[in-house]
Each structure stands twice: as C-alpha cells, then as structure tokens.
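> could you look at this predicted model? Sequence included:
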Amino acid sequence: MSNTLSLLIRDGVKTDIERCLALDHTYHTEYVWQMRSSQESDHHQITFVRERLPHQITLEYPHNESRLQAALSSQHGFVVAANRDDDEILGYLSLHNDPVYRIAYLQDIVVSQPYRNKRIGMRLINVARQWSREHQLMILTVEVQTKNYPGIAFCQQSGLTFSGYSDHHFLNQDIAVFFSQSLR
C-alpha cells in the first residue's frame with residue numbers, strides 16, 4: 001500500500017455493492033456506551049455512560065446488502081471512495097432521504113481497515129453533507145451502535161451531537177444512538 005492515495009469519491013453503482021461488502025468491516029474498541037435507565041413515578045431518565053471494557057474487543061460492523069441496494073435509488077444516496085489509480089474501493093456511505101421531515105439518515109459510513117485514519121471518513125461525511133443540502137434536507141443524522149465507540153468518537157469529531165437513541169434498532173436488536181447536525 002502506497003503512502004499517498006489519489007482518492008476519487010463518486011456515486012456508487014450496482015457493481016460496487018459486492019466490492020463494498022467485501023471490505024474489512026471489523027473495528028476494535030476498548031469502550032462502549034452503556035445505557036442506564038431509571039424510572040420514578042414522575043420521570044424516566046436514560047443516561048449513556050462511556051464504559052471501559054476489561055480488554056479490547058474486535059467487532060464486525062453490521063453491513064447490509066439490501067440497505068446498499070435501496071441506496072441506489074435516485075431518492076437516496078450511495079457514495080464510494082476509490083483509489084483513482086486502480087479503482088480499489090476504500091470506503092463507502094449510504095444515505096436515506098426522508099423528504100417529509102427533511103432529514104438525511106446516514107446509515108453506513110465505512111472505511112476499510114487498512115485505510116482508516118487517512119481522513120477518508122471525514123471526506124465521505126463532507127460529501128454526505130453536500131448531498132443532503134443538494135436534496136434540500138435540513139438535518140444530517142447518523143446512526144451508530146452503542147458498542148461502536150470508534151464510530152461514536154468519529155461522529156463527535158465530525159461536529160455531530162448526540163440527538164437520541166432507539167432500543168432494538170438494528171437487525172441484531174442492538175441499541176442505536178443518533179448524532180445529528182443542522183445543515184442550515
């Protein structure tokens with residue numbers, strides 16, 4: 001792998017899906033966001049606390065072919081980051097457009113393990129912001145599993161703020177936390 005990449009960010013096409021799914025989707029973490037709930041007669045409180053794990057774990061990001069297939073629609077977005085020299089796919093994102101509430105839901109943002117920490121993810125999220133503005137959407141929202149602490153940290157570093165959660169959100173019943181940003 002060369003130290004310099006000639007990066008091309010382009011619309012994804014159907015033939016890119018298999019190549020995107022073949023990327024290394026694993027990530028390593030020593031932290032998770034632990035959800036704590038307490039309820040009293042007049043209020044219910046949910047708190048997320050960053051918890052250190054006893055040791056580093058390796059997890060697989062929950063990639064999904066049908067989500068990428070749906071993102072091919074002209075109302076949604078599928079973008080890939082590729083090496084300009086050989087068209088190797090280095091990362092991708094998928095967006096779901098909710099025109100009623102004018103929200104772009106960024107469902108996937110993945111950079112293959114060997115290419116992380118090279119600002120590819122930041123460039124992809126900037127493309128998601130631009131795509132959202134071009135579609136007259138007012139809010140960009142990213143969903144992340146509570147155990148994907150690197151993803152949570154990336155959202156925070158990207159200027160997104162915590163905006164909510166959904167219990168049993170993912171197909172594997174994991175909790176999703178949402179990070180959002182106004183695009184006004």
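Cool, got the structure.

> residues of the lengthiest strand in the chain that come out buried?
Counting residues, the longest strand found in the chain (DSSP state E) is strand 43-60. By 16 or more other C-beta atoms under 10 Å, the buried positions in strand 43-60 come out as 48, 59. In this view, the C-beta of every residue, glycine as well, is placed from N, C-alpha and C.

> packing partners of the first helix or strand past that strand going along the chain?
Note on strand 43-60: by DSSP states H and E, the next helix or strand toward the C-terminus is helix 65-71. Helix 65-71 sits against helix 14-21, strand 77-83, strand 89-98, strand 103-111, with contacts defined as 3 or more C-beta pairs under 8 Å, 6 or more residues apart in numbering; DSSP states H and E.

> how about the closest residue to Ser182 other than its chain neighbours, what does it touch?
Spatial nearest neighbour of Ser182, excluding adjacent residues (C-beta to C-beta, 6 or more residues apart in numbering): Ile139 at 6.0 Å. If you count contacts by C-beta atoms under 8 Å, 6 or more residues apart in numbering, Ile139 has them with 101-104, 132, 180-183.

> give me the buried entries from these.
With neighbours counted using 16+ other C-beta under 10 Å, the contacts of Ile139 contain these buried positions: 103-104, 132, 180-181, 183.

> got JSON lines for those residues, with distance to Asn64 and pLDDT too?
Formatted as JSON lines, the buried ones among the contacts of Ile139 follow (distance: C-beta to C-beta, whole Å; pLDDT from 0 to 100):
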{"residue": "Ile103", "distance to Asn64": "20", "pLDDT": "97"}
{"residue": "Ala104", "distance to Asn64": "18", "pLDDT": "97"}
{"residue": "Ser132", "distance to Asn64": "21", "pLDDT": "95"}
{"residue": "Ser180", "distance to Asn64": "22", "pLDDT": "98"}
{"residue": "Gln181", "distance to Asn64": "24", "pLDDT": "97"}
{"residue": "Leu183", "distance to Asn64": "25", "pLDDT": "95"}
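
> for Ser158, state which of the residues you listed is nearest.
For these, the minimum distance to Ser158 (C-beta to C-beta) is 8.0 Å, reached by Gln181.

> in the sheet, who's paired with the closest one?
Leu140 (DSSP bridges).

> so it versus Met138, what's the distance?
As judged by C-beta to C-beta, to the nearest Å, Gln181 and Met138 stand 10 Å apart.

> hang on, the earlier thing: nearest to Val49, out of the helices and strands packed on helix 65-71?
Using C-beta to C-beta, these put strand 103-111 closest to Val49, at 24.3 Å.

> parallel or antiparallel, list what pairs with the closest one.
strand 89-98 (antiparallel), strand 139-145 (parallel).

> what count of nearby residues applies to Leu124?
Per other C-beta atoms under 10 Å, the neighbour tally for Leu124 reads 24.

> give me the beta-bridge partners of the closest residue to it other than its chain neighbours?
Leaving aside its sequence neighbours, Leu124 sits nearest to Leu93 (C-beta to C-beta, 6+ apart; 4.9 Å). Using DSSP bridges, the bridge partners assigned to Leu93 are Val79, Ile109.

> that concludes my questions; thank you for your assistance.
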